[in-house]
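Visitor: just to be clear, the model below is a prediction. Sequence and coordinates:
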Amino acid sequence: MLSKKLVLSRARAPDLDTVRRLNLWGSNLKDVSILREMSNIEVITLSANNISSLVDFQYCQNISELYLRKNNIQKLAEICYLKELHRLRVLWLSENPCCGADPHKYRMTVLRNLPHLQKLDNQVVTEEEVAQAVEDGEEMVAMHSKEPMEPIRNCSRREVSTSESSTQMESDVLSFRMEETNKIREELGMKPLGRDKFFSSVGVKDRNSCNGTQRCTSNVLSAVLLLLKELDGDGLEIVYRMTEQKLRILHSKETEQDQ
């Protein structure tokens with residue numbers, strides 16, 4: 001167990017608030033819950049231990065580097081606990097069971113969920129990788145802040161029965177877009193919008209007032225513009241890179257179709 005006494009002794013610090021760096025490589029640690037009291041720590045090296053969850057790291061809001069190679073993290077969904085650590089730039093997670101047998105899928109999934117990273121597993125993260133991760137990575141969503149998390153699969157449209165009216169289908173599209181907007185907000189560390197606030201922000205009184213595809217598209221655009229107003233510089237940079245890559249992909253597909 002990682003105790004207060006051990007932390008202060010190794011870091012040579014008077015109290016937990018003053019600890020900025022901690023290196024306890026190969027110490028057979030499993031319980032690191034003391035990290036919840038170390039919000040100011042910036043660099044943590046806990047490789048070659050027996051850590052099985054990332055839940056305690058979510059409290060280290062100032063962390064910029066995290067080294068967890070050779071631990072016992074089974075589920076990649078654990079990275080959801082790192083999503084709100086917006087200063088995290090370096091993560092070393094390789095040689096954990098969660099990395100799986102597909103290195104590309106693993107890397108794309110981590111970068112999709114943690115797009116602020118500059119280095120992953122001792123390899124520099126490129127802008128192209130971050131953009132490609134939107135297509136190839138798997139989005140992870142926390143079902144509960146203290147419970148195990150499960151991944152959700154990307155979906156391009158909501159399934160509807162043929163008996164539904166076109167108005168209902170378009171209404172469902174708007175509802176789906178609200179869900180997608182809130183997923184993006186969560187990825188960027190922002191609070192999700194409630195249904196009433198979302199519909200009011202895009203100029204729709206309720207989900208039944210969207211009576212045309214063109215109007216629905218306009219509402220979605222309004223929601224995106226509203227979201228952009230709330231982003232800081234880092235968030236806008238991520239949106240810019242992802243948008244640029246998406247446009248390249250769309251242009252490439254259009255070119256292929258023309259040929």
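Guide: Right, received. Where do you want to start?
Visitor: do a quick rundown of the helices in the stretch 51-200 of the chain.
Guide: Under the criterion DSSP state H, counting those that start in this stretch, the stretch 51-200 of the chain contains helices at 103-113, 127-136, 166-187, 195-201.
Visitor: considering those, which stretch scores lowest in mean pLDDT?
Guide: Note on these: helix 166-187 shows the lowest mean pLDDT, a mean of 55.
Visitor: tell me the contacts of the residue lying closest to Arg69 once chain neighbours are set aside?
Guide: Excluding its sequence neighbours, the residue lying closest to Arg69 (CB to CB, 6 or more residues apart in numbering) is Ser47, at 4.2 Å. Backbone N, C-alpha and C define where each C-beta goes, glycine included. Contact analysis of Ser47 by CB atoms under 8 Å, 6 or more residues apart in numbering lists 25-26, 67-71, 92.
Visitor: for the buried ones among those, write the corresponding ChimeraX selection.
Guide: Of the contacts of Ser47, the buried ones go into a single ChimeraX selection, burial set by 16 or more other CB atoms under 10 Å:
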select :67,68,69,70,71,92
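Visitor: quick one: residues contacting the residue nearest to Ala11 when sequence neighbours are not counted.
Guide: Distances taken as CB to CB, 6+ apart place Val19 nearest to Ala11, at 4.5 Å, with adjacent residues excluded. By CB under 8 Å, 6+ apart, the contact list for Val19 reads 7-8, 11, 13, 38, 40-41.
Visitor: please apply the same query to Leu8.
Guide: Contacts of Leu8 by CB under 8 Å, 6+ apart are 14-16, 19.
Visitor: can I get the buried part of the residues you listed as one ChimeraX selection?
Guide: Of the contacts of Leu8, the buried ones go into a single ChimeraX selection, burial set by 16+ other CB under 10 Å:
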select :16,19
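Visitor: from the contacts of Leu8, which land in strands?
Guide: For these, not one is inside strands, with DSSP state E as the criterion.
Visitor: ok, so of the contacts of Leu8, who is nearest Ser3?
Guide: Nearest to Ser3 among the contacts of Leu8: Leu16, at 11.0 Å, using CB to CB.
Visitor: filter the contacts of Val19 to the buried ones?
Guide: For these, buried by 16+ other CB under 10 Å: 7, 11, 38, 41.
Visitor: now distance to Met108 too, for the contacts of Val19, in TSV please.
Guide: Listed next are these as TSV, based on distance: CB to CB, whole Å:
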residue	distance to Met108
Val7	35
Leu8	39
Ala11	35
Ala13	38
Met38	31
Asn40	32
Ile41	28
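Visitor: want to throw the residues you listed into JSON lines with secondary structure?
Guide: Below are these laid out as JSON lines (DSSP: H, G, I helix; E, B strand; the rest coil):
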{"residue": "Val7", "secondary structure": "helix"}
{"residue": "Leu8", "secondary structure": "helix"}
{"residue": "Ala11", "secondary structure": "helix"}
{"residue": "Ala13", "secondary structure": "coil"}
{"residue": "Met38", "secondary structure": "coil"}
{"residue": "Asn40", "secondary structure": "coil"}
{"residue": "Ile41", "secondary structure": "coil"}
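Visitor: could you work out the most separated pair of those residues?
Guide: Counting by CB to CB, the most remote pair of the contacts of Val19 is Leu8 and Asn40, 13.6 Å apart.
Visitor: on that earlier part again, and the residue nearest to Ala11, its phi and psi?
Guide: Taking degrees, to the nearest 10, you get phi -80, psi 120 for the backbone angles of Val19.
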